[in-house]
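Chemist: Got a predicted structure here, sequence first:
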Amino acid sequence: DTAVSQTPKYLVTQMGNDKSIKCEQNLGHDTMYWYKQDSKKFLKIMFSYNNKELIINETVPNRFSPKSPDKAHLNLHINSLELGDSAVYFCASSQDLTPGNTIYFGEGSWLTVV
Amino acid sequence: AQSVSQHNHHVILSEAASLELGCNYSYGGTVNLFWYVQYPGQHLQLLLKYFSGDPLVKGIKGFEAEFIKSKFSFNLRKPSVQWSDTAEYFCAVNPNTNAGKSTFGDGTTLTVKP
């Protein structure tokens, strides 16, 4: 069973479009995240939710809007896509906000904006 | 804000060679330190972590890392690598005062030649 699953895995779209990436975790964790990995492999946190509440929002353009309908799901919606949004987006979860907790990652969603 | 630096971006070794990947972080307080690995086509997964106690930490598949507080380092080691160790390796730090916010290094690509 996949612990953290995200869809779609690959997404190619045109500039200006709106797209969503869905994420679900079946680990019973309280905390979920979205990370962005750019072409240089730099992995940077975008958002963190704990029990459906936004905890971290890292200077991300407001075209990016996360939504957590329940603590097992954290979806990412992106409006007006730009070329610079092309990246791999990783969903992740951890038991809770305790700093030493392991982060469990999904397999990533490869977004290409053309 | 914390930061993580991985000195080796691409390491190429022959099987049975010894491995050491460097990781330094900048943060003055108490931290939790992690190494994650991403095998080809798979998601990031935890290799090992340090949060307290013995600064020499042992992880899966024969990997270990040593936390040297005075050097702000958490280098990853393996005495004898195998072809199956070919992967991306990411160091991460999560300070005790910054719940839910792990900072990752930009990764090291390890290629092990059979």
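Modeler: Yes, it's here. Numbering: from 1, shown residues only, chains lettered A, B, ... in the order given.
Chemist: Quick check: A:Tyr33 touching A:Leu43?
Modeler: No: contact criterion C-beta atoms under 8 Å: A:Tyr33 and A:Leu43 do not qualify, at 10.7 Å. Placement of C-beta: from N, CA and C, glycine included.
Chemist: Pick out whichever of these two has more residues nearby.
Modeler: A:Tyr33 (28 against 25; other C-beta atoms under 10 Å in any protein chain shown).
Chemist: where does the chain have low pLDDT?
Modeler: If you meant another chain, say so; for now it's chain A. Applying pLDDT under 70 to chain A flags the ranges A:1.
Chemist: nope, chain B please
Modeler: When residues are selected by pLDDT under 70, those of chain B lie in B:99.
Chemist: residues from chain B in reach of chain A?
Modeler: Proximity of chain B to chain A, by C-beta under 8 Å from any C-beta of the partner chain, involves residues B:32, B:34, B:36, B:42-46, B:49, B:51-52, B:88, B:90, B:92, B:94-96, B:98-104, B:106-107.
Chemist: again, 6 Å this time
Modeler: Proximity of chain B to chain A, by C-beta under 6 Å from any C-beta of the partner chain, involves residues B:32, B:43-44, B:46, B:51, B:94, B:96, B:99-101, B:104, B:106-107.
Chemist: Nearest the geometric middle of the chain, what residue?
Modeler: Here I'm looking at chain A. Nearest to the geometric centre of chain A sits A:Trp34, at 2.9 Å (C-alpha atoms, centre = their mean).
Chemist: To clarify, I was referring to chain B.
Modeler: B:Trp35 (3.4 Å).
Chemist: Apart from its neighbours in sequence, what residue is nearest that residue?
Modeler: Leaving out its chain neighbours, the residue that sits closest to B:Trp35 by C-beta to C-beta, 6 or more residues apart in numbering or on different chains is B:Leu47, at 4.3 Å.
Chemist: Repeat that for B:Lys49.
Modeler: Nearest to B:Lys49 is B:Phe34, by C-beta to C-beta, 6+ apart, at 4.5 Å.
Chemist: repeat for A:Thr13
Modeler: A:Lys19 (5.5 Å).
Chemist: beta partners of that neighbour?
Modeler: Applying DSSP bridges to A:Lys19 gives these bridge partners: A:Ile78.
Chemist: one step back: wait, is the residue nearest to B:Trp35 part of a strand?
Modeler: Yes: the assignment for B:Leu47 is a strand, going by DSSP: H, G, I helix; E, B strand; the rest coil.
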